[in-house]
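> This is a predicted model, with the sequence first.
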Amino acid sequence: ESIKLMTGRFLRSLPYYEGNAALIDAGLKIDGETKPVEMLKSLDILYCSTNSRAPEVALKLVEECKGDVKARAINLDDPLQRDDRKAVMLVYLNKDTFEEPNDHI
């Protein structure tokens, strides 16, 4: 589903689909679509809570995984990696990333 989400956003920016948004609104179908991925080890997907929409993307990734996968906001008081879990960092860049009101990203 995250591929559909990203593809839909990309297609909406193209001139043809700006005038034909209903084609995208009807839903996207991708041939050979992958099923949820099974994670063999416990995994934390870390994201910066001040990065707009990153929490939403992280939760969407969690939904597409089978196994013990959690989305976690990065907190400087907590270790990034816990003893019994692997960790990856989500970097989500969009047009608003560097336009935060207080120059805080």
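Yes, it's here.
> switch to C-alpha atoms for all contacts and neighbour counts from now on
Will do.
> Next one: the residue of the chain positioned farthest from its centre relative to residue 12, how far apart?
Distance to the chain centre peaks in the chain at residue 19, reaching 26.8 Å (criterion: C-alpha atoms, centre = their mean). According to C-alpha to C-alpha, to the nearest Å, residue 19 stands 9 Å off from residue 12.
> and if you look at residue 35?
25 Å.
> Show residues contacting the helix or strand of the chain with the lowest mean pLDDT.
Taking mean pLDDT, DSSP states H and E as the measure, the helix or strand of the chain with the lowest value is helix 2-12, at a mean of 78. Applying C-alpha atoms under 8 Å, 6 or more residues apart in numbering, the contact partners of helix 2-12 are 17-18, 21, 24, 28-30, 57, 60-61, 64.
> What's the local residue count around residue 14?
11 (other C-alpha atoms under 10 Å).
> Give me the buried entries from the contacts of helix 2-12.
Buried members of those, scored by 16 or more other C-alpha atoms under 10 Å, are 24, 57, 61, 64.
> From residue 20, how far out is the most centrally placed residue in the chain?
Residue closest to the mean C-alpha point of the chain, counted by C-alpha atoms, centre = their mean, is residue 57 at 2.4 Å. Distance, residue 57 to residue 20, by C-alpha to C-alpha: 26 Å.
> one step back: look at residue 35 and residue 12 and report which has more neighbours.
The neighbour count for residue 35 versus residue 12, taken as other C-alpha under 10 Å, is higher for residue 12 (17 against 10).
> What distance do you get for that one to residue 85?
Residue 12 is 37 Å from residue 85, by C-alpha to C-alpha.
> Next: residue 74.
In terms of C-alpha to C-alpha, residue 74 sits 15 Å off from residue 85.
> The two: who's more crowded?
Set residue 74 next to residue 85 and count neighbours by other C-alpha under 10 Å: residue 74 wins out with 16 against 12.
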